[in-house]
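Peer 1: Provide a 3D model corresponding to the input given below.
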Amino acid sequence: MKKWQIGLTAAVGLIFLGGCANSNGSKNATAATTEEKADTTIHLAAAASLEYAFEEKLIPMYEKEYDNIKIEGTYDSSGNLQTQIEQGMDTDIFFSAATQQMDELIAEELIDKDSEIGLLENKLVLITPENNPKEVEDFADLKNADTIAIGDPESVPAGQYAQESLTNLDLWDSLKDRFSMGTNVTQVLNWVAENSADAGLVYETDAKTTDDVTVIDEAPEESIKDPILYPVAQLEDSQNAKTAKDFLTFLQTDETVKVFEDYGFTAAQ
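Peer 2: The predicted structure is shown next:
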């Protein structure tokens, strides 16, 4: 082979090897960039009464600031969410409508107890359909109602508070045959809004989400022993611990609490 042919062959070989190196380097750089921008999903399990605040305001607010993070919310009664977490539901943050469910998950070592904070408070109110067909004007008038919607006290914190309040008002036993028990507070609200129930007991924040119900009365302070506290915490086995911790910090900011207040909650004392 002539010298110029050997040189040309060597040059082509070097170009080929360089091209491969650049190609591999480009692929590695692309892989690294993709990895850096990979989306992280935070799984939020929250009481049904928190759904509007999260879905309408807080999740869009957070995802706009952190466009590589997605917040996926599951909303139900705190008791049902507790059961799902115990059964292994993928959850990073639990936001309960009562302390009982949170305390039980902490006792089972499923919640990072050091991350728990009592963030919000709510109130229990008596509602009727907008036309108030049974002319219920206060708790004593519940005797006029044929059907009274409440959350099931077995799993729904609002139902547990309803039972506590009505028991302390000496009304539970006389009304218990009239109760229609929902699986969460949203279902209770919908029954009253649709005139399927003559009255119901829900959180004040839920009642504010529709014009189809009327708030008649607030549960007397003495009828509920402790404030209706909403605690939030991180799961022990969170698959995105650092990001979940950052989101939990976000929930405690003044800006976030102000959004909750816009939906009728109050900051816990």
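Peer 1: contact partners for Q87?
Peer 2: With contact set as C-beta atoms under 8 Å, 6 or more residues apart in numbering, Q87 has no partners. Heads up, the C-betas are built off the backbone N, CA and C, glycines and all.
Peer 1: ignore what I typed, I meant L235.
Peer 2: The neighbourhood of L235, defined by C-beta under 8 Å, 6+ apart, consists of I85, T91, D92, I93, F94, L110, I111, D112, A244.
Peer 1: now, which of those residues lie within helices?
Peer 2: Under the assignment DSSP state H, the contacts of L235 contribute I85, A244 to helices.
Peer 1: got the phi/psi numbers for the spatially most central residue of the chain?
Peer 2: Geometric centre of the chain, nearest residue: A46, 2.1 Å, by C-alpha atoms, centre = their mean. For A46, the backbone dihedrals (degrees, to the nearest 10) come out as phi -130, psi 150.
Peer 1: tell me how many other residues crowd the residue lying closest to it once chain neighbours are set aside.
Peer 2: The shortest distance from A46 to any residue other than its chain neighbours is 4.0 Å, reached at F95 (C-beta to C-beta, 6 or more residues apart in numbering). Using other C-beta atoms under 10 Å, F95 has 24 neighbouring residues.
Peer 1: with adjacent residues omitted, what lies nearest to V213?
Peer 2: Sequence neighbours aside, I127 is the residue nearest to V213 in space, at 4.4 Å (criterion: C-beta to C-beta, 6+ apart).
Peer 1: in the sheet, who's paired with that neighbour?
Peer 2: Beta bridges link I127 to G200, V215 when assigned by DSSP bridges.
Peer 1: I'd guessed it sits against V202; true?
Peer 2: Yes. I127 is in contact with V202 according to C-beta atoms under 8 Å; the separation is 6.0 Å.
Peer 1: who's in contact with the residue nearest to A46?
Peer 2: Each residue near F95 by C-beta under 8 Å, 6+ apart is listed here: L44, A45, A46, A47, L50, L119, Y230, P231, V232, L251.
Peer 1: just the closest of those to E65, please.
Peer 2: Closest approach between the contacts of F95 and E65, by C-beta to C-beta: L251, at 13.4 Å.
Peer 1: element containing P60?
Peer 2: Taking DSSP states H and E as the definition, one finds P60 inside helix 59-65.
Peer 1: partner strands of whichever helix or strand comes after that helix and their direction?
Peer 2: Going down the chain from helix 59-65, the next helix or strand is strand 69-76, by DSSP H and E. Next to strand 69-76 in the sheet, as set by DSSP bridges, lie strand 40-47 (parallel).
Peer 1: can I get the partner strand as PDB, trimmed to CA atoms?
Peer 2: In PDB, the C-alpha atoms belonging to strand 40-47 read as follows (Å, rounded to 0.1, in the frame of the first residue of the first chain):
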ATOM      1  CA  THR A  40     -40.600  13.600  40.700                       C
ATOM      2  CA  THR A  41     -44.100  12.700  41.900                       C
ATOM      3  CA  ILE A  42     -45.100  13.400  45.500                       C
ATOM      4  CA  HIS A  43     -48.100  11.400  46.600                       C
ATOM      5  CA  LEU A  44     -50.400  13.300  48.900                       C
ATOM      6  CA  ALA A  45     -53.100  11.600  50.900                       C
ATOM      7  CA  ALA A  46     -55.400  14.300  52.300                       C
ATOM      8  CA  ALA A  47     -58.800  14.600  53.900                       C
END
